[in-house]
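Asks: Sequence and predicted model, in that order:
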Amino acid sequence: MTYDTELKLFIDGSWRSGEGRDAFTVVNPATGGGIGEVPLASTADLDEALAAAQRAYPLWRATDVEKRSAILRKAGALLRERADAIARLLTQEQGKPLAEARGEVIGAASMFDWYAEEIKRDYGRTLVRPAGQRAIVLREPVGVVATFTPWNFPIYLLAKKVAAALAAGCAVISKPPEETPGCTGALARALDDAGLPKGVFQLVHGVPDQVSRHLIGSRIVRKFSFTGSVPVGKALMKLAADSMTRVTLELGGHAPVLIFDDCDLDKTLDMVVPQKFRNAGQVCVSPTRFYVQESIYDAFITGFAARTAKVVTGDGLADTTSMGPLANARRPAAISALVDDAKAKGARVMAGGERGEGGFFFQPTLLADVPLDADIMNNEPFGPVAVTARFKDFDDAIAQANRLPFGLAAFAFTENGRRANLLGDAIEAGMIGINSFGVSSADSPFGGVKDSGFGSEGGKEGLETYQVVKAIHQA
């Protein structure tokens, strides 16, 4: 199918084409071939976006909450109406199967729906004071914000940040990934068509380091939110220190999965295998390190391997595809290196383990008996590889789960209610799923601990991250 969309920047309420600007070639990962050219913002473009956001912010901040809410609701409705077309763009740009792409667009719409209503419940506080005195606590928008989002869930993660920031009354400059400009541009069009005032939202593509340094270094930007790798997050945090810019960071994961011997094994396997290979494993909360109790370990890896063999890889637009390609040419090589290292150190390949044909494909892979010194046990693969190892008892499982400096999400499967409570207390992670992978929703905070970052997005907490607190005391 033809990739049919116009790729532009959105600055100060107008769409800017590629004339006089450098461009980035958009590639379909299922074929490896170029499908479009997206213009890259110049320094002048970024300065114009900053100036526009600075002008628009006081007006948007003062806009009645009901009007702000109505615009957000309209944007969500437009995303739903256009979901099929946007999903096709997303699949062609990023590779995920069409059903997953459509689900992502609907998820993005849900963010606008939720924050359209949550902003109406943004209550302050009245403090107890002697008669005749008053003291109140207000939440106000932080100001102009910048957002930086990755290519694995390009429209959903953009919506998660933008919906909350706009609801809070902030003006936003967003830099989405150059690899997926069509679907993120569609979100900007939905906001524009919903009646968002000029300058309140800007969409700029560009060289990541150049754009981030320019926006974070500006005194106009008072807060930024970044989703991506740990090293880049740390580098951006250092940039923010010079201007005391507020930061929210959602960084790497490498999620552990604890499988206890009292779980419903077949039910558990039917859940974990599709989740492992969703979006080809390119999910920050993807279940990756499977620690399985000794007595069921052999049965677990046998069942996992059998189900893995049934995963159908191919072009995400094909009806039969259950797992698409990796998102770019770098990923297959990176995954191959991790698998080869694990094999050299004694891991057994139970399924997959090789690159696929054409495009950026890698086979769904299961590794058994992976030693602790294997690179893949210590570095997030961000791909379609599950690694497994045995554990003896509860304390051993917790030690393995908490061993790494990451703490985004973790999962556990057990039918013992007491153990489930103890797992929730003992695991070091921002989100824990027990007999469930449902850790991301519009009404729930999403964020990590340790090297996985700090601050939350989603839920009431996601609104608060774009606000500052003011106390007013009157005698």
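Replies: Sure thing, it's come through. Residues are numbered from 1 along each chain as shown.
Asks: helix, strand or coil for the most centrally placed residue in the chain?
Replies: Taking C-alpha atoms, centre = their mean, the centroid of the chain lies closest to L157, which sits 4.7 Å from it. What DSSP: H, G, I helix; E, B strand; the rest coil gives for L157 is helix.
Asks: Which parts of this protein are helices?
Replies: Counting by DSSP state H, the chain has these helices, from start to end: 43-62, 65-81, 83-94, 98-118, 154-168, 181-193, 208-217, 230-243, 265-277, 297-308, 330-344, 394-401, 417-426, 459-464.
Asks: Report the mean per-residue pLDDT for the first one.
Replies: Averaging the model's pLDDT scores along helix 43-62 yields 98.
Asks: buried ones in it?
Replies: Neighbour counts over helix 43-62 (16 or more other C-beta atoms under 10 Å) mark 45-46, 48-50, 52-54, 56-57, 60-61 as buried. Where you see a C-beta, it was placed from the backbone N, CA and C, and this is true even at glycine.
Asks: Could you find the closest non-adjacent residue to the residue nearest to the centre of the chain?
Replies: Residue nearest to L157 in three dimensions, not counting chain neighbours: T149, with 4.6 Å by C-beta to C-beta, 6 or more residues apart in numbering.
Asks: close enough to count as contact, the one you found and P176?
Replies: Yes: the pair T149 and P176 qualifies as a contact (C-beta atoms under 8 Å) at a distance of 5.2 Å.
Asks: okay, and the common contacts of those two?
Replies: Residues touching both T149 and P176 by C-beta atoms under 8 Å, 6 or more residues apart in numbering: 158, 184.
Asks: Low-confidence stretches in the chain?
Replies: Within the chain, the stretches with pLDDT under 70 are 1.
Asks: Which residue ranges make up each domain of this protein?
Replies: 9-251+452-474, 255-441 (automatic domain parsing).
Asks: Tabulate these (CSV), appending distance to T2.
Replies: Below are those laid out as CSV (distance: least, C-beta to C-beta, whole Å):
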stretch, distance to T2
domain 9-251+452-474, 9
domain 255-441, 11
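Asks: Of all the ones you listed, which one is nearest Y3?
Replies: domain 9-251+452-474 (4.1 Å; C-beta to C-beta).
Asks: and that closest one, how far from the chain's centre?
Replies: Domain 9-251+452-474 has its average C-alpha position 13 Å from the chain's average C-alpha position, going by C-alpha atoms, centre = their mean, to the nearest Å.
Asks: same check, this time on stretch 299-314
Replies: 26 Å.
Asks: what ranges do the strands span in the stretch 301-450 of the chain?
Replies: Here the stretch 301-450 of the chain has its strands, by DSSP state E, counting those that start in this stretch, at 348-351, 365-368, 385-391, 406-407, 409-413, 431-434, 449-450.
Asks: So which other helices or strands are in contact with the last one?
Replies: Packed against strand 449-450, as judged by 3 or more C-beta pairs under 8 Å, 6 or more residues apart in numbering; DSSP states H and E, are the following elements: strand 406-407.
Asks: Determine how far the strand it packs on lies from the middle of the whole chain.
Replies: Its chain's C-alpha centre and that of strand 406-407 lie 15 Å apart, by C-alpha atoms, centre = their mean.
Asks: contacting residues for Q293?
Replies: Counted by C-beta under 8 Å, 6+ apart, Q293 has contacts 259-261, 390-392, 397.
Asks: One more: L40?
Replies: Applying C-beta under 8 Å, 6+ apart to L40 gives the contacts 21-24, 178, 205-207.
Asks: let's go with 10 Å and repeat that
Replies: 9, 18, 21-24, 178, 204-207, 210-211 (C-beta atoms under 10 Å, 6 or more residues apart in numbering).
Asks: What of V285?
Replies: 253, 255, 275, 408-411, 429-431, 433, 437, 439-440, 446, 448, 452.
Asks: Could you rerun that using 6 Å?
Replies: V285 makes contact with 253, 255, 409, according to C-beta atoms under 6 Å, 6 or more residues apart in numbering.
Asks: Return the member of those nearest to R403.
Replies: Set against R403, the nearest of these by C-beta to C-beta is A255 (12.7 Å).
Asks: and that closest one, how many neighbours does it have?
Replies: 28 (other C-beta atoms under 10 Å).
Asks: What's the separation between the closest residue to D375 other than its chain neighbours and K460?
Replies: Excluding the flanking residues, the one nearest D375 by C-beta to C-beta, 6+ apart is D341, at 4.7 Å. From D341 across to K460, the span is 43 Å (C-beta to C-beta, to the nearest Å).
Asks: now the helices of the chain in JSON lines, with distance to T320?
Replies: Below are the helices of the chain laid out as JSON lines (distance: least, C-beta to C-beta, whole Å):
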{"stretch": "helix 43-62", "distance to T320": "42"}
{"stretch": "helix 65-81", "distance to T320": "26"}
{"stretch": "helix 83-94", "distance to T320": "14"}
{"stretch": "helix 98-118", "distance to T320": "11"}
{"stretch": "helix 154-168", "distance to T320": "24"}
{"stretch": "helix 181-193", "distance to T320": "23"}
{"stretch": "helix 208-217", "distance to T320": "35"}
{"stretch": "helix 230-243", "distance to T320": "36"}
{"stretch": "helix 265-277", "distance to T320": "15"}
{"stretch": "helix 297-308", "distance to T320": "17"}
{"stretch": "helix 330-344", "distance to T320": "21"}
{"stretch": "helix 394-401", "distance to T320": "36"}
{"stretch": "helix 417-426", "distance to T320": "37"}
{"stretch": "helix 459-464", "distance to T320": "37"}
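Asks: Just the buried ones from the contacts of Q293?
Replies: Buried by 16+ other C-beta under 10 Å: 259-260, 390-391, 397, out of the contacts of Q293.
Asks: Show me which of those residues is closest to Y115.
Replies: I259 (36.1 Å).
Asks: mind listing what that closest one touches?
Replies: Shown in contact with I259 (C-beta under 6 Å, 6+ apart): 292, 413.
Asks: How about L196?
Replies: Here L196 is in contact with I71 (C-beta under 6 Å, 6+ apart).
Asks: If anything else comes up later, I'll come back, but that's it for now.
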